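>>> here's my sequence, what's the structure:
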Amino acid sequence: MPNGKKRKACYQCGEAGHRARECPQASAELRESVNKPQPPVDRGHFSAPAALFTFGELFAGMGGFRVALDRMGGQCVFASEIDRFCVENYRHNFGGDRPAGDICRIESSSIPADLDILVGGFPCQPFSSSGSLRGMDDAKGLLFREIVRLLKDTKAKGFILENVRGLLLHNDGATFAIIRKELEDCGYHVCHEVVDAVNILPQERRRLFIVGIRCDINPPKAYSFPKLPALARGVEDILHSEDGTDALSKDDLERLALTNHQISKVRAQPYTQKHPEARFLSNTAKAAKTMQSSYTKWIIGSQFVPSDANLRDRDEPTPIRTPDGDDVDMQQWRRYSSREAARLQGFPESFHLCSQRAYHMIGNSVAPPVISMVAAPLLQALGLKGKDDGWGWEITKDLLLEASPNDERRESLRALLDRPDP
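The predicted structure is shown next:
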């Protein structure tokens, strides 16, 4: 390596001989260029408790779909994920269940035939404004076809898919039209809607949900997206307290803090000048911007919150300036901790977070409380759960409370959720 620098290990497989984009496990397109035979694919391992319905989870990540669906009485009978850190985190949180490996190498016959619903947040980078925008020309974009294959072969009763809202706009809507037609050709009634998690979580997160019900379900069933109540929550709901068991240590605060140089660089960006609160959230009664998988890359689209007062003597505070050049404060700033990021997504406090690549996993995940709201009407339409229209909201309320710090803020949230019309 030049300058004697040690090459970092590939995060996909852990080997130091190549980067992630060159990894033979990274995509089907890259694997085709590898001359050596592929090792046997990991077909996963799952326990089999009694359940109201079964589901399979594709592109499982850290298990956001499963957190919600397990709570709703479901049994995960299959999952697939190639990121080794996600797999380890998944095993830790779900009783040792291990997702299968690359879905491109898993035969449909390996998936239980009596699957009720198939879920997955298929790779969004090809359709995201923060990604490649290559759509179906990107190898990851073509992974959608694995969903089509499995729907045709398993004939699941229904499905829930999630992606960025940019998928609707990609190629002037032509890409989404292809996706919808292929899903309909599999034999499903398909509907879609953009759902914003900010209604129930303190994070702006607009995501496209695509829901399908098999056409031969008799009698025909209709699906309607739920209306999420507007709770108007702010990030103050999820930040670590300044004292007590939830407080960050001084070492953690130092690790999360931005240096004056970093603050100056972010401050100089045109986007920051135009939208200062989008990068430096001084009003913590407001919701956070979308948590992205690139969050630790502080120069790219990340948002920061005021740091704890005990860091202010670390060095001279740096003022943040308005576009007119006026000083607006002398505040120190820090990143969200990984636990705060998980709270923004609605993961329970008991959910284990790996120390490596936590932000990447969290930013790529779905928000479990949103999933429970979207899934409830589907399960009811398929006859897999009772007709109580409030059932999904009751599950969601429990998830929201469990993702809140265990202090007076949880009790305040409970009072808000218990109001007749929150």
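
>>> how far does stretch 56-67 sit from the chain's center?
Offset of stretch 56-67 from its chain centre (Cα atoms, centre = their mean, to the nearest Å): 9 Å.

>>> please save the CA atoms from that stretch in CSV.
C-alpha atoms of stretch 56-67 as CSV (Å, rounded to 0.1, in the frame of the first residue of the first chain):
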residue,chain,number,x,y,z
GLY,A,56,-40.3,-14.3,5.6
GLU,A,57,-37.9,-11.3,5.8
LEU,A,58,-35.7,-10.4,2.8
PHE,A,59,-32.8,-8.0,3.1
ALA,A,60,-33.4,-8.3,6.8
GLY,A,61,-30.7,-5.9,8.0
MET,A,62,-30.9,-5.7,11.8
GLY,A,63,-34.5,-7.1,11.9
GLY,A,64,-36.7,-4.0,11.9
PHE,A,65,-39.6,-5.8,10.3
ARG,A,66,-39.2,-8.7,12.7
VAL,A,67,-39.3,-6.5,15.8
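
>>> what about it, average pLDDT?
The average pLDDT for stretch 56-67 rounds to 96.

>>> what do you get for stretch 269-285?
92.

>>> cool, stretch 209-217 as well?
With pLDDT averaged residue by residue, stretch 209-217 scores 95.

>>> please apply the same query to stretch 120-134.
Averaging pLDDT along stretch 120-134 yields 58.

>>> now for the longest helix seen in the chain, which elements pack on it?
Of all the segments of type helix in the chain, defined by DSSP state H, the longest one is helix 368-381. Applying 3 or more Cβ pairs under 8 Å, 6 or more residues apart in numbering; DSSP states H and E, we find helix 368-381 packed against helix 64-71, strand 117-120, strand 158-164, strand 188-196, strand 206-214, helix 391-402. Every residue, glycine included, has its C-beta placed from N, CA and C.

>>> send me the second one as PDB with only the CA atoms.
Yep, that's strand 117-120 we're talking about. What follows is strand 117-120, C-alpha atoms only, in PDB (Å, rounded to 0.1, in the frame of the first residue of the first chain):
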ATOM      1  CA  ILE A 117     -46.500 -12.800   4.100                       C
ATOM      2  CA  LEU A 118     -43.200 -11.800   2.600                       C
ATOM      3  CA  VAL A 119     -41.600  -8.500   3.800                       C
ATOM      4  CA  GLY A 120     -38.500  -6.700   2.900                       C
END
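
>>> so what touches that strand?
Residues outside strand 117-120 that contact it (Cβ atoms under 8 Å, 6 or more residues apart in numbering): 53-60, 65, 69, 74, 147, 150-151, 154, 156-162, 371, 375, 378-379, 382, 384.

>>> show me what the next helix or strand after it is packed against.
Following strand 117-120 in sequence order, the next helix or strand is helix 144-154 (DSSP states H and E). In terms of contacts (3+ Cβ pairs under 8 Å, 6+ apart), helix 144-154 is packed against strand 53-58, strand 117-120, strand 158-164, helix 174-185.

>>> out of the helices and strands packed on helix 368-381, deepest packed?
Comparing these by mean neighbour count (mean count of other Cβ atoms under 10 Å), strand 117-120 ranks first with a mean of 26.

>>> partner strands of it and their direction?
Strand partners for strand 117-120, identified by DSSP bridges, are recorded as strand 53-58 (parallel), strand 158-164 (parallel).

>>> got TSV for those strands, with distance to residue 350 too?
Putting those into TSV (distance: least, Cβ to Cβ, whole Å) gives the following:
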stretch	distance to residue 350
strand 53-58	20
strand 158-164	23
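
>>> contacts only, for residue 72.
Taking Cβ under 8 Å, 6+ apart, we find residue 72 in contact with 52, 372, 375, 376, 379, 385, 392, 395.

>>> for it, give its distance to residue 107.
According to Cβ to Cβ, to the nearest Å, residue 72 and residue 107 sit 28 Å apart.

>>> what helix or strand is the nearest residue to residue 405 once chain neighbours are set aside located in?
Distance criterion Cβ to Cβ, 6 or more residues apart in numbering; nearest residue to residue 405, sequence neighbours excluded, is residue 246 at 5.1 Å. Assigned by DSSP H and E, residue 246 falls within no helix or strand.

>>> where does the closest residue to residue 231 other than its chain neighbours land on pLDDT?
Closest residue to residue 231 apart from its sequence neighbours, by Cβ to Cβ, 6+ apart: residue 200 at 5.5 Å. Note for residue 200: predicted pLDDT of 98.
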